[in-house]
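> sequence and computational prediction follow.
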Amino acid sequence: MIAYSLGCRVPADDWVHLNRIGVFNAPVLSRYVGPFPPDDLMCNATGVSYQSDFASHGADFRVALPQASPKARSEYSSALDFGCAVGAMRA
């Protein structure tokens, strides 16, 4: 059993699978991913119209970032979130 409750500390392959496929094949896993923005904001921010494409887009970044950095994420003491995605806030 994969410990999805560990969030982004889950091994990258498992996290990517959860976000690209797992949550859509087993909706019970949705508690381990962030909520999707409303369709109009999702499309406006990324140009995609389906939740699966939006989630896959995020997984692409999860895969690409370690390849672009000279050191592992765990070696950094802080991080800057350089994207606000759709900028949606929910109460």
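In hand now; what should we look at?
> got any ranges where the chain has weak pLDDT?
Applying pLDDT under 70 to the chain picks out residues 81-91.
> kindly provide the distance from the residue of the chain positioned farthest from its centre to Tyr76.
Most distant residue from the mean C-alpha position of the chain: Pro70, 21.6 Å away (CA atoms, centre = their mean). With the distance defined as CB to CB, to the nearest Å, Pro70 ends up 11 Å from Tyr76. (Glycine included, C-beta is placed from N, CA and C.)
> same deal with Ser56?
In terms of CB to CB, Ser56 sits 25 Å off from Tyr76.
> residues touching the most centrally placed residue in the chain, list them.
Centroid-nearest residue in the chain: Gly58, 4.4 Å away (criterion: CA atoms, centre = their mean). Gly58 sits next to Asn19 when contact means CB atoms under 8 Å, 6 or more residues apart in numbering.
> go again using 6 Å as the cut-off
Applying CB atoms under 6 Å, 6 or more residues apart in numbering to Gly58 gives no contacts.
> cool, Met42 as well?
So Met42 contacts Phe54 (CB under 6 Å, 6+ apart).
> how far off centre is stretch 30-45?
Centroid separation between stretch 30-45 and its chain, computed with CA atoms, centre = their mean, to the nearest Å, is 10 Å.
> same question for stretch 61-71.
14 Å.
> cool, stretch 22-32 as well?
Counting by CA atoms, centre = their mean, stretch 22-32 comes out at 13 Å from the chain centroid.
> and what of stretch 56-72?
The mean C-alpha position of stretch 56-72 is separated from the chain mean by 11 Å, CA atoms, centre = their mean.
> for stretch 51-60, same thing?
On CA atoms, centre = their mean, the centre of stretch 51-60 falls 7 Å from that of its chain.
> and that stretch, C-alpha only, in PDB?
C-alpha atoms of stretch 51-60 as PDB (Å, rounded to 0.1, in the frame of the first residue of the first chain):
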ATOM      1  CA  GLN A  51      -9.300  17.800 -14.700                       C
ATOM      2  CA  SER A  52      -7.200  14.800 -15.900                       C
ATOM      3  CA  ASP A  53      -5.200  17.100 -18.200                       C
ATOM      4  CA  PHE A  54      -4.800  19.700 -15.500                       C
ATOM      5  CA  ALA A  55      -3.500  17.100 -13.000                       C
ATOM      6  CA  SER A  56      -1.200  15.700 -15.700                       C
ATOM      7  CA  HIS A  57       0.200  19.200 -16.400                       C
ATOM      8  CA  GLY A  58       1.100  19.500 -12.700                       C
ATOM      9  CA  ALA A  59       2.700  16.000 -12.800                       C
ATOM     10  CA  ASP A  60       4.800  17.200 -15.700                       C
END
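> since that was my last question, I'll sign off now.
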